[in-house]
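**Q** predicted model and sequence below, questions to follow.
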Amino acid sequence: MVFKYQAAVTLAQVAEAAGVGESTVSRVLRNHGSFSGKTRDRVMAAVERLGYVPNRIAGTLASAGSRLVAFVIPSLSNIVFADVLRGAGGTLEENQHQAVFAVTDYDPEREEALVASMLAWRPTAVMLAGYEHTEGTVKMLRAASCRVVELLDVDGVALDLAVGFSNRAAGRESAHFMLKRGYRRIGYVGHDLDRDTRAGKRYSSFRETLSSDRMPLVDQEIHAGASSVEIGRLGLERLLARSPDLDAVYFSNDDMALGGYFHCLARGISIPSQLAIFGYNGLDIGRVTPQPLSTIRTPRVAIGQVAAQLVVANAPPQVVDLGFQLIEGATA
């Protein structure tokens, strides 16, 4: 799929599609003045169909708006996204761009609402996590005149620019590593895989790789909410209560894996001789635990840097795969 630039949908285009005047469209969108319910329905149908976003920046403020780069990210409690912002910040600042951000809490409907809010300020670019968005979000992004950058994934079709790595490959490599180490009774502890689609891709690929080697996943414990160290500890406790003979556990990320590590320390479970632990992300804390965490290290800061460079350079549509690094550590 090739991203095609197009001018932002205008008020005049909405008016023409709705069969009314521009002033009527303006009144409807501001919910001010006189208009019938039927007229409102026609106008809002045209807005929805065209993906129109009202422009809140007028006159002399328009040039200021063009310097904004909007980040719509799932979380700030997860250091992954803070690292991406840190990587992008320097490049944007050096080139007189201003970063603004909003947090979706992994909710696609909230992402759609926040993208609409950000586009109303006519940013020069919108950066989002992953490829999975609602139909409404995609429609708005395609109708906007700004650049779109999808971060932290390359498993899919990009709208414009994408910078990241293959989550499917990360799951596959994690499984290969554990199989080569001789682990045969492997379990999984993770968080909400429907909302965190990148974790879902890693999980699916990990499980498929085990099955292709005739070593299916023995058991799993998946928490319906967000990930955390505490949830990782509780998840491993519940998993081992059902399947005490597991010899290895794959966690959806390092936060969860560290929780599992702490559970083992508290219960006197020897790592990795009794139970191997493998994470994902390569967080700094995992390198300084008594036994460095076995994990996948992702280039989060570099992803932010490259994404910002592409926006500043107004680069042609492309996908940049920065890869990842498997860290053997000492827990698996």
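**A** Yes, it's here. Numbers count the residues shown, from 1 in each chain.
**Q** count of neighbours near the nearest residue to Gly130 once chain neighbours are set aside?
**A** Nearest residue to Gly130, sequence neighbours excluded (CB to CB, 6 or more residues apart in numbering): Asp153, at 4.7 Å. (Glycine included, C-beta is placed from N, CA and C.) The local packing of Asp153 (other CB atoms under 10 Å) involves 23 other residues.
**Q** same check on the one 5 residues further on?
**A** Close neighbours of Ala158, defined as other CB under 10 Å, add up to 20.
**Q** check the one 3 residues further on too.
**A** Leu161 sits with 23 neighbouring residues when counted by other CB under 10 Å.
**Q** ok, it - contacts?
**A** Residues near Leu161 by CB atoms under 8 Å, 6 or more residues apart in numbering: 147-150, 307, 310-311, 315, 317-320.
**Q** what mean pLDDT does the helix or strand Val163 falls within get?
**A** Element membership for Val163 (DSSP states H and E) is strand 161-164. Mean pLDDT, computed over strand 161-164, is 98.
**Q** next secondary structure element downstream of that strand?
**A** Sequence-wise, the next helix or strand downstream of strand 161-164 (DSSP H and E) is helix 167-180.
**Q** helices of the stretch 1-150 of the chain, residue ranges please.
**A** Ranges of helices in the stretch 1-150 of the chain, per DSSP state H, counting those that start in this stretch, are 11-18, 22-30, 37-50, 62-65, 79-94, 108-119, 135-143.
**Q** weakest of these by average pLDDT?
**A** Mean pLDDT is lowest for helix 62-65 among those, at a mean of 46.
**Q** break this structure into its domains for me.
**A** Using automatic domain parsing, the domain parsing of the chain gives 1-52, 63-165+300-323, 167-297.
**Q** hmm, back to that, in TSV, list the contacts of Leu161 along with neighbour count and distance to Ala45.
**A** Formatted as TSV, these follow (neighbours: other CB atoms under 10 Å; distance: CB to CB, whole Å):
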residue	neighbour count	distance to Ala45
Arg147	23	28
Val148	23	25
Val149	27	30
Glu150	26	29
Ala307	29	35
Leu310	22	36
Val311	25	33
Ala315	14	36
Pro317	17	31
Gln318	12	36
Val319	15	35
Val320	19	38
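**Q** and of those residues, the nearest to Ser36?
**A** The closest of the contacts of Leu161 to Ser36 turns out to be Val148 (CB to CB; 36.6 Å).
**Q** follow-up on the earlier one: tell me which of the helices of the stretch 1-150 of the chain sits nearest to Ile285.
**A** Proximity to Ile285 (CB to CB) singles out helix 79-94 among the helices of the stretch 1-150 of the chain, at 9.1 Å.
**Q** which residues sit against that closest one?
**A** The list of residues contacting helix 79-94 from outside it, by CB under 8 Å, 6+ apart, reads 69, 71, 73-76, 98-99, 101, 127, 129, 151-152, 281, 283, 298, 300-305, 307-309, 311-312.
**Q** filter those down to the ones in strands?
**A** 69, 71, 73, 98-99, 101, 127, 129, 151 (DSSP state E).
**Q** and the closest residue in space to Gly235 that isn't next to it in sequence, how far is that from Asp219?
**A** Nearest residue to Gly235, sequence neighbours excluded (CB to CB, 6+ apart): Val189, at 4.0 Å. Separation of Val189 from Asp219 (CB to CB, to the nearest Å) stands at 10 Å.
**Q** overlap in contacts, the two.
**A** Applying CB under 8 Å, 6+ apart, one finds that Val189 and Asp219 are jointly contacted by Leu239.
**Q** quick revisit: ok, which of the helices of the stretch 1-150 of the chain comes nearest Ser294?
**A** In terms of CB to CB, the element of the helices of the stretch 1-150 of the chain nearest to Ser294 is helix 79-94, at 18.3 Å.
**Q** so what's the gap between the closest one and the chain middle?
**A** Between the centre of helix 79-94 and the centre of its host chain there is 15 Å, according to CA atoms, centre = their mean, to the nearest Å.
**Q** just stretch 40-50 next, same as before
**A** With CA atoms, centre = their mean, you get 30 Å for stretch 40-50.
**Q** again, but for stretch 162-175
**A** Relative to its parent chain, stretch 162-175 has a centroid offset of 13 Å by CA atoms, centre = their mean.
**Q** format the CA atom coordinates belonging to it as PDB.
**A** Below are the C-alpha coordinates for stretch 162-175, written out as PDB (Å, rounded to 0.1, in the frame of the first residue of the first chain):
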ATOM      1  CA  ALA A 162       6.700   3.200  10.400                       C
ATOM      2  CA  VAL A 163       9.700   2.700  12.700                       C
ATOM      3  CA  GLY A 164      10.100  -0.400  14.900                       C
ATOM      4  CA  PHE A 165      10.900  -4.100  14.700                       C
ATOM      5  CA  SER A 166       9.000  -7.300  14.200                       C
ATOM      6  CA  ASN A 167       7.100  -8.400  17.400                       C
ATOM      7  CA  ARG A 168       6.400 -11.700  15.700                       C
ATOM      8  CA  ALA A 169      10.100 -12.300  15.200                       C
ATOM      9  CA  ALA A 170      10.700 -11.400  18.800                       C
ATOM     10  CA  GLY A 171       8.300 -14.100  20.000                       C
ATOM     11  CA  ARG A 172       9.700 -16.600  17.600                       C
ATOM     12  CA  GLU A 173      13.300 -16.000  18.600                       C
ATOM     13  CA  SER A 174      12.300 -16.200  22.300                       C
ATOM     14  CA  ALA A 175      10.800 -19.600  21.700                       C
END
